[in-house]
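Student: need coordinates for the following:
(3 chains, ligands or ions: 2)
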Amino acid sequence: MNNKDLDIYVLIKQVPDTRSKAGVNPDGTIDRAKAGKMLNPFDAYALQAALNAKKMGGPNSKVTAVTMGPPPAIDILYQALEHGADNTLMLSDRRLAASDTLATSYALCQTLEYAFKQNGRPGDLIFCGLQTTDGDTAQVGPEISERLDFTQITYCEDFSISDNEVHAKKIIEGGTQLVKAQLPSLITIANSYQKLKFKTLRGAQFVQDIKRSSKEEQAKFVEIIDLDACHAEELRCGLAGSPTIVSKTWKIGVVGGNCKMHQGKSVPDLVGEVVQGLPILEEFVKI
Amino acid sequence: MHNTDRIEYDIALVGGSPSNLSLAHTLLEKAKANPDLKFSIAILEKAKDFGSHIVSGAVVNPSIFNKVYPNHVADNMPIEAICNKSYFSIMGTEKKWDVPSLITRAAAPDFCKEGYYILTLSQVVSWMAKQLMEKVKDVPNVKIDFFPGFAATEVVYEAEKVVGVKVDRTGNDQDDILYAKLTCFGDKGFLSKDIIKKFNLETNPQIWSVGVKETWKLAEHSEDLKGKVWHTLGYPTLDGTLGGGFIYGLQNKRLTIGLVISLDSENPNIHPQKQLQEYKKHPWLQKVLEGAELMHYGAAVLPEGGYASLPKKFQVDGAIFLGDALGLLDVKSLAGVDKAIESGYLAAKVAYGAVAADDFSEARLSKYQTKLLESPYMDKFKENRYFRKAFGENPELLRDYLPTVLESVDKTGSPYIGSVKLGLENPVKRAKAALRAAQLLNNAKELKEEVTYKAGYLHIDPDFDKDLIARCASDKDFAKNTVYNREDAVFYANTHYDEHPDHIDEFSAETCLSCIQRYEAKNLDVPCVSDCTAEVHRLDISDNNVKVHGMSLENCVQCRTCELVCPEQNLRVNPSYAGSGPDFIGL
Amino acid sequence: MAGEVMVVAEQVGSKVAPVTLELLGEGKKLALKLGQHLTCFVIGHNMQDAVQEVIKAGAQKVYLADHQELAEYKTLHYRRVIVDELGKWTTPPHTLLMGSTTTGRDLAPRVAAFFETGLTADTIELDIGPYEHTSGTDETKLGYFPECLYASRPSFGESLKARILGPWKDPQMATIRPGVFPKPEMLDSAPEVEVVNVACNFQGSDYRVEIKETIRELETKVDITAADVIVAGGYGLGSGEGIDLLKQLADCFENSVIGASRKIVDLSWIDYPHQVGQTGKTVRPKIYIACGISGALQHRVGMQKSDHIIAINKDPDAPIFSFADHGIVGDLYQVIPEMINQIKSKRNSENKELKNA
Ligand SMILES: Cc1cc2nc3c(=O)[nH]c(=O)nc-3n(C[C@H](O)[C@H](O)[C@H](O)COP(=O)(O)OP(=O)(O)OC[C@H]3O[C@@H](n4cnc5c(N)ncnc54)[C@H](O)[C@@H]3O)c2cc1C
Ligand SMILES: Nc1ncnc2c1ncn2[C@@H]1O[C@H](COP(=O)(O)O)[C@@H](O)[C@H]1O
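Tutor: Ligands and ions are numbered 1, 2, ... in the order given. As a prediction, this is how the structure comes out:
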């Protein structure tokens, strides 16, 4: 394989850690302030895809992990470096608060354009997770690909790269499809793709080295920019730039504690109580 | 970008253990004094976070912390409680007899723990690691890299010298091996046992026991047991196996309950987790646990051979052994943490000298052994060296005497009648036996006897007395929420494996087959299945209707019991990859 | 004056996908509230029958892009016809709906980004209603909006429901979870409605992606996460033969499968794809019938979010009863046959009623 060098980007997001008990209210809702933070689990697959893609490109291929989020989100960039990403870039700005998907995709797009410019050429591949566990829309990826006019492969389960093209296997309704797409391409990775491998010894060593180094040295690997640096229009970002808002929320599906017990009667009576008491059963009874 | 040279440090610490973390801490202290001496340390810990693979009691002599961490109180080391009352108790099946403290002080002084710290060691280890991360920032001449989630999986030698360990498995040695001039093993034997074997350092085979432990949240209205310590003998370990229970009152109405059972039992089916459940069925504990809630469960093995099992050398060219890896646990007083920390403290001094002289030869490092053997923390350890021998020589102590005493406790609330009865049966023999045991246990200073243990696995008796096994089972009443079967208990060990775990080697399937057939024929469980603390080993029915050995490795808490009880020595538990395994933080 | 309510139809092999009909049914209600037409954008090749179908389902006007390039769904080609057509309009649709399928989730965000408009994902409830925007830095957004699209969706792991709206810009877009809205009553024959032929002006760049092969899975794999009804068994079955009984019960229901606790998978009574719980799958069916399952934590974490949990167990203290909705204390070998019995006789009497009616 003598492919050209590939400039690969992977979009990752820090989300509340739903596995840890911290910050999860008794009713299952999440207290964002208290919750632990983690790399969006779907993005872990995207990161692995980006690292695999790097091996398919020329020797100077590189992977840049990109995120938009508050300053603590820098943790997931370090995580990406531990796994073998070459560079990272973060857009962090108070004015981004309350962005919906459209505003997020705009801001991320500006960030990517910024990186393309710094790099002297547009990227070849952008990998995204299928969706986030907090936003949970699966929209940010395709919206970015529309803005950048990249080809798009969603729900990608496997891929290879040759001659400026991606050959991919993707999930479609009721089946799978093999497609061929020209670069540059944006690919969202399904969670049936390979799991993210554990960080490498070298990666873990490298990150500790840069954390100890000077600010300038750190900035070589973890660059943090704001809206002005990437020429994003303030009114297209954050709350102002979001065409949607959440106007109301309700709790649903509180679990447990109200079991209606049926016991101490004849079996037909016991069963009868349940079958009568649960009209929803009927909905699914085969006719 | 990333370097492509070999990954190299001056010192590698295998295991984020109390011993190794104390070693690093002490090294930092020393390095402050000499800013010109630059060196680097790598700390490898197989758990995802420091402390999350640590299970201990733990009641510890505070003097060791005063010595090695003089500021530990100001620095907020997590201490559950200071022991305000300790009991040594005989557990009958129905009653419990607290040995009057006068007698305990005279006959079992090792169990007087007043003034000792009660610790949740996993949290202390986590604290030690965090301290280190902070402290190193003020010592620019020392670089420490922390590698939680990275297990050392193989010792790397050059000529007859340890030069590092294999850590990653990318397949490229350059990326996978961590080289060090000095590698310190505080790994509870996971890898260090290979070095001891290779260099033929074994004196007596190590004897291991398994500790199973739970922490409970007691009911709001219950009595506050903070600071109380019980060590118990008797129920539920009634099959002649050496074992005992411990119950420690923690802060915030939490309670530790555990059992330590020797794996050199002749009984092939020890069922440690099940015995712990039996323990809780004791009426006294049933009362204590009324309305309580289980928080954590875990298991670990302890080296019990003691002084007699210490290797010939505590170091080889390029490596030293610390803590449990060396076998520095005194089972008589159930104390290992103090000596583990002391070993790290002394090793640091020797390692510092070695770095300064750039000499890591066995000759130079042997100072470690000398200093450690001279340490005051080793006095008791040496004194108690006949503890195992006392029981080994006279199995009747546990098989016959103890049950008679327990019967008396149950009937009369005290052991005296039982003891008298025993004495009357065969006065001469009994008196002799008692004297001999007392001498081994308490007056070892005067003795100069050899101690020899049987090789690790030879003790298991496939024809073990069924009546003895029957003694361990009970048909007691108990509150449902106090007892967990093994399958459910595992949930409280919070095991998590990222990839398909493959960390236990089964060397030969044939061997397993014949072992299964042998034990099945005698109507006994296969030891790995019965003694597993975590629902890993099981028997499957193969396609041609034969029972075969199967494993659910995703449940494994990495205690290594199966490796130690396998009658065929056909299993090896390797440290697992990628930080997977249990999460014992809080246990 | 608000624009229309438009549904973008989804097709496979020129056949309209079920979700499209569901959307037309629900879209009709929205259109009525707005006093507007319900329209449908049909894209594909040889779509005459499909057009009839969407009209029968309630579409009052159809935009038809029929071209051989459109026979199979392709992001760039489909996107092209939609943005070209709607881009010409002076009054865009008020509401634009697509299914939250792999296709809809691929296409809708591209359209939304093109028009710079809002898009709510995976909606489970739709309505039209008022909204007043009273605060915010952007003053141009303030005001009272009498007719907003209310799109509600689960959030935070399905424990919350959030209403999302965006009245500032039309079309107000949403993708809708398949299966949540009922299929509308279909008219017997399609009335005459206007069918607008949409121009297909593909550009070179639209051909950058090529489909090499499409594989439709005919036989369905066991996917316990997609079932509406799960009949699950545990160690209480006593032996592998119990699985047959579970199958008989499951057979009484549509879209049902057998679930299992880990213990019986380990015992090889049933295969791994059926395992529910910590080391198996996490499921959320409408009905979960747990037979002889103690409710150990590892199992519980995999199924506790089921809508309705019925537990059958001999032991009245079994943990499963602490979080089931209905608990039957009894021997499952008596309870299940009786259940099958009652369900069947109920069904028969209903069938009779149907016939008599
Ligand atoms: C149930 C129980 C109760 C006890 N009660 C007491 C008590 O009350 N008082 C007392 O003083 N002592 C007690 N002990 C003994 C005491 O816990 C040990 O002696 C002590 O913890 C030993 O410390 P160590 O430094 O040898 O390391 P360990 O505690 O053995 O820790 C070893 C560490 O190394 C890591 N590791 C192992 N292999 C590798 C590898 N290959 N790569 C990377 N990392 C690795 C492990 O994950 C672990 O974190 C008890 C032990 C048990 C099991
Ligand atoms: N703030 C963000 N920073 C970086 N990437 C993001 C961000 N939000 C979303 N993404 C990417 O877009 C994907 C889909 O996200 P969502 O639309 O929120 O479900 C994620 O898996 C990420 O790859």
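Student: which residue would be the closest one in the stretch 151-287 of chain A to chain B?
Tutor: Nearest to chain B in the stretch 151-287 of chain A, going by CB to the nearest CB, is A:Phe198, at a distance of 3.7 Å. Using the backbone N, CA and C atoms, a C-beta is placed for each residue, glycine as well.
Student: now for that residue, how many residues are close by?
Tutor: 21 (other CB atoms under 10 Å in any protein chain shown).
Student: ok, it - contacts?
Tutor: By CB atoms under 8 Å, 6 or more residues apart in numbering or on different chains, A:Phe198 lies in contact with B:149, B:498-499, B:577-579.
Student: are any of these buried, and which?
Tutor: Applying 16 or more other CB atoms under 10 Å in any protein chain shown to those, the neighbour count classes B:149, B:498, B:577-579 as buried.
Student: can you pull out the strands in chain A?
Tutor: All strands of chain A, identified by DSSP state E, fall at A:7-11, A:14-16, A:37-39, A:62-68, A:87-91, A:125-129, A:151-162, A:165-172, A:175-182, A:185-189, A:222-225, A:245-251, A:260-262.
Student: angle of the longest one against strand A:7-11?
Tutor: In other words, strand A:151-162. Using axes from the mean of the first three to the mean of the last three CA atoms, to 10 degrees, one finds that strand A:151-162 and strand A:7-11 are set 130 degrees apart in direction.
Student: quick revisit: any chance of the contacts of A:Phe198 in JSON lines, plus pLDDT, distance to C:Tyr144 and secondary structure?
Tutor: Output for those, formatted as JSON lines (pLDDT from 0 to 100; distance: CB to CB, whole Å; DSSP: H, G, I helix; E, B strand; the rest coil):
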{"residue": "B:Gly149", "pLDDT": "96", "distance to C:Tyr144": "56", "secondary structure": "coil"}
{"residue": "B:Asp498", "pLDDT": "73", "distance to C:Tyr144": "53", "secondary structure": "coil"}
{"residue": "B:Glu499", "pLDDT": "67", "distance to C:Tyr144": "56", "secondary structure": "coil"}
{"residue": "B:Tyr577", "pLDDT": "87", "distance to C:Tyr144": "60", "secondary structure": "coil"}
{"residue": "B:Ala578", "pLDDT": "90", "distance to C:Tyr144": "56", "secondary structure": "coil"}
{"residue": "B:Gly579", "pLDDT": "92", "distance to C:Tyr144": "55", "secondary structure": "coil"}
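Student: can you add distance to ligand 2 and mean neighbour count and give the strands of chain A back as TSV?
Tutor: Below are the strands of chain A laid out as TSV (distance: least, CB to the nearest ligand atom, whole Å; neighbours: other CB atoms under 10 Å in any protein chain shown):
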stretch	distance to ligand 2	mean neighbour count
strand A:7-11	3	26
strand A:14-16	8	24
strand A:37-39	10	20
strand A:62-68	4	24
strand A:87-91	8	23
strand A:125-129	2	28
strand A:151-162	10	22
strand A:165-172	16	20
strand A:175-182	18	18
strand A:185-189	7	27
strand A:222-225	13	18
strand A:245-251	14	14
strand A:260-262	38	17
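Student: closest to ligand 2 among the contacts of A:Phe198?
Tutor: Of all the contacts of A:Phe198, B:Asp498 has the smallest distance to ligand 2: 19.6 Å, by CB to the nearest ligand atom.
Student: so the closest one sits against A:Lys195, correct?
Tutor: Yes: if you go by CB atoms under 8 Å, B:Asp498 and A:Lys195 touch, sitting 7.0 Å apart.
Student: SS state for the nearest residue to B:Glu94 once chain neighbours are set aside?
Tutor: Setting aside the residues directly before and after it, B:Glu94 is nearest to B:Asp410 in space (CB to CB, 6 or more residues apart in numbering or on different chains), at 4.5 Å. When classified by DSSP: H, G, I helix; E, B strand; the rest coil, B:Asp410 comes out as helix.
Student: how about the residues of the stretch 51-200 of chain B near ligand 1?
Tutor: Contact residues (CB under 6 Å from any ligand atom) of the stretch 51-200 of chain B with ligand 1: B:53-60, B:121, B:151-152, B:186-188, B:190-191.
Student: residue in chain B nearest to chain C?
Tutor: Taking CB to the nearest CB, chain B has B:Phe491 as its residue nearest chain C, at 4.4 Å.
Student: surely that residue is in contact with C:Leu297?
Tutor: Yes: shown here, B:Phe491 and C:Leu297 form a contact pair, counting by CB under 8 Å, at 4.4 Å.
Student: the more surrounded of the two?
Tutor: Neighbour totals were compared for B:Phe491 and C:Leu297, and B:Phe491 leads with 20 against 17 (other CB under 10 Å).
Student: just confirm the more buried one is within a strand.
Tutor: No: counting by three-state DSSP, B:Phe491 is not found in a strand; it is helix.
Student: which residues of chain A score low on pLDDT?
Tutor: A:1-2, A:18-32, A:252-257 (pLDDT under 70).
Student: show me how far the longest helix seen in chain C is from its chain's centre.
Tutor: When chain C is parsed with DSSP state H, its longest helix is helix C:332-356. Its chain's C-alpha centre lies 28 Å from the corresponding centre of helix C:332-356 when counted by CA atoms, centre = their mean, to the nearest Å.
Student: quick one: contacts of that helix?
Tutor: Defining contact as CB under 8 Å, 6+ apart, one finds that helix C:332-356 is touched by A:267-268, A:270-272, A:274-275, A:281-282, A:285-287, C:236-237, C:242, C:245-246, C:248-249, C:252, C:291-292, C:312-314, C:328.
Student: mind checking which of those residues are buried?
Tutor: Neighbour counting with 16+ other CB under 10 Å marks A:267, A:270-272, A:274-275, A:281, A:285, C:236-237, C:242, C:245-246, C:249, C:252, C:291-292, C:312-313, C:328 as buried within the contacts of helix C:332-356.
Student: just the ones of those residues in helices?
Tutor: Those of the buried ones among the contacts of helix C:332-356 lying in helices (DSSP H): A:267, A:270-272, A:274-275, A:281, C:242, C:245-246, C:249.
Student: and of the residues you listed, the nearest to A:Glu165?
Tutor: Ranked by distance to A:Glu165 (CB to CB), these are led by C:Leu246 at 49.0 Å.
Student: mind pulling up the pLDDT for the closest one?
Tutor: The per-residue pLDDT reported for C:Leu246 equals 95.
Student: which stretches of the stretch 51-200 of chain B form strands?
Tutor: Per DSSP state E, counting those that start in this stretch, the stretch 51-200 of chain B carries strands over the ranges B:59-60, B:81-82, B:85-91, B:96-98, B:117-118, B:142-148, B:154-158, B:161-166, B:177-185.
Student: cool, the stretch 401-550 of chain B as well?
Tutor: Assignment of strands within the stretch 401-550 of chain B using DSSP E, counting those that start in this stretch yields the ranges B:504-506, B:537-541, B:547-551.
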